[in-house]
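In: Model the structure of this input:
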Amino acid sequence: MSGTEQNGHMIPPLADLLDSARVVALPMHSRFRGVDVREALLFEGPEGWAEFSPFVEYDDAEAATWLAAAIDFAWQEQPTPLRDRIGVNATVPAVEAARVPELLSRFSGCRTAKVKVAELGQTLADDVARVRAVREAMGPEGRIRVDANGAWNVDEAEHAVHALGEYDLEYVEQPCASVPELADLRKRVKYMGIPVAADESVRKSSDPLAVARAGAADLLVIKAQPLGGITHALQIVTAAGLPVVVSSALDTAVGLSQGAALAAALPTLDYDCGLGTASLFLDDVADRRPVDGSISADRVIPDREALTRLTASDERREWWLARLARCHYELGARA
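Out: Numbering: from 1, shown residues only. Just a heads-up that it's a prediction; the model follows:
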């Protein structure tokens, strides 16, 4: 069957996606982004397997961009990789400080850690204790970046950067929600030499380049799924002219392979990437956990037994298939 064309690429018929669609539910070691079990829909196209996993609270218009990314990865030839392995960071959820050493031990050889801060219901003292524990566990050579997911206002962010700065931060990610706030904070903390990175201001914005034009960030955090795929993400990187970190959207091993392919295609890659998140799962559709601080940039083929073992409930499967159909319709309407 023929499909619909969008941006010069064919959108395959819905039936072609449904033919191989598998809905999985991956249990996590610790709650992250409010998630204990990560759900995803996987399907296979001519180029291989791809993942459609917008978070459940996202509306169809936003989720459809994630579907465009999955279709692109499964149906289109991808840019030529410039490297075969990608250095990755450990990810530390908003856990109590005492759990940090055990958690870091799951990330083989990682020299960089991203630490979640500004968690709802916690205090800056909790954040300081967690970051201090990471610094103690990693030693002076370790690199520490913190991510507030836009939770602070400018004054809170400035106070937090001062409190956390003594632990030698590599950068602070999305400390505030808006581009003007980021620009203001960047000016306030510039003397401290702590760069500001933008994540949500890129991937959730109708204008992902606004943050670069405003001089509101020193680097960008980019993710393949929310930006509509590897080719579109590379276009944003080129236009922004800033260093980038490629990060995961809490993907399964299949989605991580798309992020790794994006990282592998970047002309320059100066930072470890947030693609080590397979270590946050108790089980996965394939093993893409870091080895000696890096992951392979090769495509992932899910393990058949794992697909069966991790199959979501019938109710959740129907929810995801209905969402897939709605987002497929949304993409067709954009064409």
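In: Let me see the ranges of the strands in the stretch 51-200 of the chain.
Out: With strands called from DSSP state E, counting those that start in this stretch, the stretch 51-200 of the chain shows them at 85-87, 90-92, 112-116, 143-147, 169-173, 196-198.
In: Does anything pack onto the third one? Which helices or strands?
Out: Which is strand 112-116. Strand 112-116 sits against strand 90-92, helix 124-138, strand 143-147, with contacts defined as 3 or more Cβ pairs under 8 Å, 6 or more residues apart in numbering; DSSP states H and E. For glycine as for every other residue, the C-beta is placed from the backbone atoms N, C-alpha and C.
In: strand partners of the shortest one, parallel vs antiparallel please.
Out: In this case it means strand 90-92. With DSSP bridges as the test, strand 90-92 is paired with strand 112-116 (parallel).
In: Low-confidence regions, the stretch 1-150 of the chain specifically.
Out: Counting by pLDDT under 70, the stretch 1-150 of the chain has low-confidence residues at 1-9.
In: Please, where are all the helices along the stretch 151-300 of the chain?
Out: 154-165, 179-189, 200-203, 210-213, 230-240, 253-265 (DSSP state H, counting those that start in this stretch).
In: Go through the ones you listed and name the closest to Leu324.
Out: helix 253-265 (15.1 Å; Cβ to Cβ).
In: tell me which element Glu44 falls in.
Out: strand 35-45 (DSSP states H and E).
In: I'd like the distance from that strand to the chain centre, please.
Out: Mean-position distance between strand 35-45 and its chain equals 14 Å (Cα atoms, centre = their mean, to the nearest Å).
In: Buried residues in it, which are they?
Out: For strand 35-45, burial by neighbour count (16 or more other Cβ atoms under 10 Å) applies to 35, 38-45.
In: what does stretch 135-142 give?
Out: Applying 16+ other Cβ under 10 Å to stretch 135-142 flags 135, 137-138, 142 as buried.
In: which residues sit in contact with Pro54?
Out: Pro54 sits next to 62-63, 66-67, 225-226 when contact means Cβ atoms under 8 Å, 6 or more residues apart in numbering.
In: hmm, I was thinking of Ala325
Out: Contacts of Ala325 by Cβ under 8 Å, 6+ apart are Leu14.
In: tilt between the helix or strand containing it and strand 35-45?
Out: Here Ala325 sits within helix 314-334, counting by DSSP H and E. Here helix 314-334 runs at an angle of 60 degrees relative to strand 35-45 (axes from the mean of the first three to the mean of the last three Cα atoms, to 10 degrees).
In: Show me how the record splits this protein into domains.
Out: The chain breaks down into these domains under automatic domain parsing: 4-77+306-334, 85-304.
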